[in-house]
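> Build me a structure from this.
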Amino acid sequence: MQTVDFSGLGLRPELLDALTALGYEEPTPIQAEAIPALLTGRDLVGQAATGTGKTAAFALPVLNALEEGDRGKKPSALILAPTRELANQVANAVSQYGQKVGARVLAVYGGAPITPQLKQLQRGVDVVVGTPGRVVDHLERGSLKLDGLRTVVLDEADEMLDMGFADELETILNQVPSVRQTVLFSATLPPKIARMAKKHLNDPVRVEIEKENVLAGESPKVTQTAHMVFRENKAATLARVLSVQQPTAAIVFCRTREEVDSLTEALKAKDVRAEALHGGMTQAERDRVMNRLRGGTADLLVATDVAARGLDVDHLTHVVNYNVPSAPETYVHRIGRVGRAGREGVAITLVEPRERRMIEAIEHLTKTKIPMAPIPTVADLRASRFGRTKDALVQALGSDLSDARKVIASLAKDHDPLDLAAAALSLVHAGTDEEEIPSAPVRAPRPERDDARPYSAGPTTRGGAHQRTGPPQRKGAAPGMAKVYIGAGRAAKVAPKDLVGAIAGETHLVGKQIGSIEITERFSLVEVPEKDLDTVVKALRASVIKGRKVSVRPDRDA
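Predicted coordinates:
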């Protein structure tokens, strides 16, 4: 049941003051349902997509439970998040909400110096927000004490499991007090999430914010379309689509930060006010980019999933998938950023022919057909531009046109006024001629060959069973890549997802940037971009894999 405002939820006055100062007016549906239940101390399973306000839904009850006066050094709440970007976003939000109650909040994650984290833990904290790998690291060091914990929150639980953090989550949950409040939020609720909830939660309240049903004749809040395009034409196609659609504000999702940088430059060359956002940027650079987007001096953000996680842009109208997401759930997360609060939004996906099956997987998950639209033609582009010029002319009729009238009056003695207006429009649009962009054929791709799969767990027989008669042949790394030696293999029950999760969770890399993976009985080899080799080795040495420390070094035999 939706309440009129936050004052009806039972929160402390200090938190209500903080929300008012931040400009919050009324709770979202997930907040209205979850907060009262959590304030009673009940466990909770919540299903809600990105952008529904779930951070405040679990953070406000956590802060409401903080005792007044001296709270000691041990944290009373632990919030687990899949990536360092999200951990930072959540920690910042909790700090803002809890400023008036003196909340001491600490974010702990890999890829950052551990010494400042150790010092702050020694001084004392109330809420720890961290990635599973770094939290386990602190537990093994003895620097993080969980015996005073009253609340555990698993944010984006499905993504943590997909990234291979199942063992780390089990390690953490087995060390927290048996009497506690456990909160689990997830965009999707697959069977593995249900099993986790059954094992670790006690008679939880279930809150599910369902997708609104669209009545016959009504337009969906998020209009989804796709364009089948050849790889070499993707940047030009995106610029064409943006020029025709003219979004108020848009986010374009790319797989890698190199792709983010190159696409941003390509769009700027076509006079699109684009800004890049990825994990290689400092917080100050990120803040400047977001201020430009929110202030209207930039129209478009080109970002990786990790860098954009947790960002909230009120006037966002378009989300563009520059590549088809490999995980259908990622697609759901992305398009959930538009069409909020009753507003309409547009989701556009550029599809290469080889990605057709991935679109079908998304359609199967969402039970929604994503129509393939033709690439806008040059005629479409011209019509759009002339339409905007026409609107601008109508608006200009109310301004002072005396100087322009004098010029037209002098020319009208020898020329038809209609010809003069047409010539003026031609001058405005001079130099804007473009070539047609060919659409790729819409056809199902050929099945991938076995040797094209991204992960390899050693040689296989013709029937697919692993051969264990000898060590795998050590191959050199691909061009631009380097191999990392990790001292854990099949004997430690290591799977490719464990290695991908550890690297993606503790560095700025995402799964698509990770190359081949070879898993032997006693060790594993993972290809990573050569320029990121030292970063990955350093991060994994400070992390845990399958719940324990392992030796990590550059592979000398590659």
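
> Could you check the pLDDT of A495?
As predicted, A495 sits at a pLDDT of 84.

> tell me the contacts of it?
G164, I519 (C-beta atoms under 8 Å, 6 or more residues apart in numbering). (Glycine included, C-beta is placed from N, CA and C.)

> what's the spacing between it and V510?
Remark: distance between A495 and V510 (C-beta to C-beta, to the nearest Å) = 18 Å.

> ok, now D43?
32 Å.

> can you give me the helices in the stretch 1-150 of the chain?
13-21, 29-39, 54-64, 84-97, 115-123, 132-141 (DSSP state H, counting those that start in this stretch).

> Flag every buried residue along the fifth one.
This points to helix 115-123. Using 16 or more other C-beta atoms under 10 Å as the test for burial, helix 115-123 gives Q117, Q120, L121.

> Nearest residue to the first one in space, please, no chain neighbours.
Read that as Q117. Residue nearest to Q117 in three dimensions, not counting chain neighbours: V108, with 5.0 Å by C-beta to C-beta, 6 or more residues apart in numbering.

> Please verify my assumption that the one you found contacts G133.
No - contact between V108 and G133 fails when scored by C-beta atoms under 8 Å: they sit 9.8 Å apart.

> so how many other residues sit close to L411?
Residues near L411, counting by other C-beta atoms under 10 Å, number 14.

> brain fart, T131
For T131, using other C-beta under 10 Å, the count is 28.

> contacting residues around the closest residue to it other than its chain neighbours?
Counting by C-beta to C-beta, 6+ apart, T131 lies nearest to Y109, which is 4.4 Å off, once chain neighbours are set aside. Contacts for Y109 (C-beta under 8 Å, 6+ apart) come out as T83, R84, A87, N88, G130, T131, R134, E506.

> quick one: Y109 from I79, how far?
12 Å.

> Report the set of residues contacting both of the two.
G130.

> packing partners for the one helix or strand K406 maps to?
In the assignment (DSSP states H and E), K406 maps to helix 402-412. For helix 402-412, the contact count by 3 or more C-beta pairs under 8 Å, 6 or more residues apart in numbering; DSSP states H and E identifies helix 417-428 as packing neighbours.

> Which strands and helices lie in contact with the helix it packs on?
helix 378-396, helix 402-412.

> Looking at these, spot the one closest to A423.
helix 402-412 (9.3 Å; C-beta to C-beta).

> after the lowest-mean-pLDDT helix or strand in the chain, next one along is what?
Lowest by mean pLDDT, DSSP states H and E among the helices and strands of the chain is strand 455-456, with a mean of 36. Counting by DSSP H and E, the next helix or strand C-terminal to strand 455-456 is strand 481-486.

> Could you give the separation of that following strand from the chain centroid?
26 Å (C-alpha atoms, centre = their mean, to the nearest Å).

> Alpha carbons of the very next helix or strand once past that strand, as PDB, please.
Following strand 481-486 in sequence order, the next helix or strand is helix 496-506 (DSSP H and E). The C-alpha coordinates for helix 496-506 follow below in PDB (Å, rounded to 0.1, in the frame of the first residue of the first chain):
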ATOM      1  CA  PRO A 496      35.300 -20.500 -14.900                       C
ATOM      2  CA  LYS A 497      32.600 -18.400 -13.200                       C
ATOM      3  CA  ASP A 498      34.600 -18.400 -10.000                       C
ATOM      4  CA  LEU A 499      37.600 -16.800 -11.800                       C
ATOM      5  CA  VAL A 500      35.500 -14.400 -13.800                       C
ATOM      6  CA  GLY A 501      33.600 -13.300 -10.600                       C
ATOM      7  CA  ALA A 502      36.900 -12.800  -8.700                       C
ATOM      8  CA  ILE A 503      38.400 -10.700 -11.400                       C
ATOM      9  CA  ALA A 504      35.300  -8.700 -12.300                       C
ATOM     10  CA  GLY A 505      34.400  -8.200  -8.600                       C
ATOM     11  CA  GLU A 506      37.900  -6.900  -7.600                       C
END
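
> Distance from the chain centre to the following helix or strand past helix 496-506, please.
Downstream of helix 496-506, the first helix or strand assigned by DSSP H and E is strand 517-519. Remark: strand 517-519 is offset 27 Å from the chain centroid, using C-alpha atoms, centre = their mean.

> count of neighbours near I114?
16.

> now A32
20.

> where does it land on pLDDT?
You'll see A32 listed with a pLDDT of 90.

> Any chance you could list what contacts stretch 167-176?
78, 80, 132-133, 135-136, 139, 146, 149, 152, 154, 160-161, 182, 196, 200, 498, 544, 546-547.

> which of these are buried?
Buried, going by 16+ other C-beta under 10 Å: 78, 80, 132-133, 135-136, 139, 146, 149, 152, 154, 160-161, 182, 196, 200, 498, 544, 546, out of the contacts of stretch 167-176.

> What is the end-to-end distance of stretch 150-162?
End-to-end span of stretch 150-162 (C-alpha to C-alpha, to the nearest Å): 27 Å.

> okay, G431: pLDDT?
54.

> got a list of what T304 touches?
T304 sits in contact with F253, C254, R255, T256, R257, V260, L277, H278, G279, V510, where contact means C-beta under 8 Å, 6+ apart.

> Need the residues you listed in a markdown table (columns: neighbour count, secondary structure and pLDDT).
Shown next, in a markdown table, are those (neighbours: other C-beta atoms under 10 Å; DSSP: H, G, I helix; E, B strand; the rest coil; pLDDT from 0 to 100):
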| residue | neighbour count | secondary structure | pLDDT |
| --- | --- | --- | --- |
| F253 | 25 | strand | 90 |
| C254 | 25 | strand | 88 |
| R255 | 17 | coil | 79 |
| T256 | 17 | coil | 79 |
| R257 | 23 | helix | 77 |
| V260 | 27 | helix | 87 |
| L277 | 22 | strand | 85 |
| H278 | 24 | coil | 81 |
| G279 | 19 | coil | 72 |
| V510 | 22 | coil | 73 |
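
> Quick check: chain neighbours aside, which residue is closest to S524?
S524's closest residue in space is I486 (C-beta to C-beta, 6+ apart), at 4.5 Å.

> Would you mind measuring from that neighbour to A539?
I486 is 12 Å from A539, by C-beta to C-beta.

> Check K221 too.
Distance from K221 to A539, by C-beta to C-beta: 39 Å.

> More neighbours: these two, which one.
A539 (25 against 16).

> now that one, what's its secondary structure?
Per DSSP: H, G, I helix; E, B strand; the rest coil, the local secondary structure of A539 is helix.
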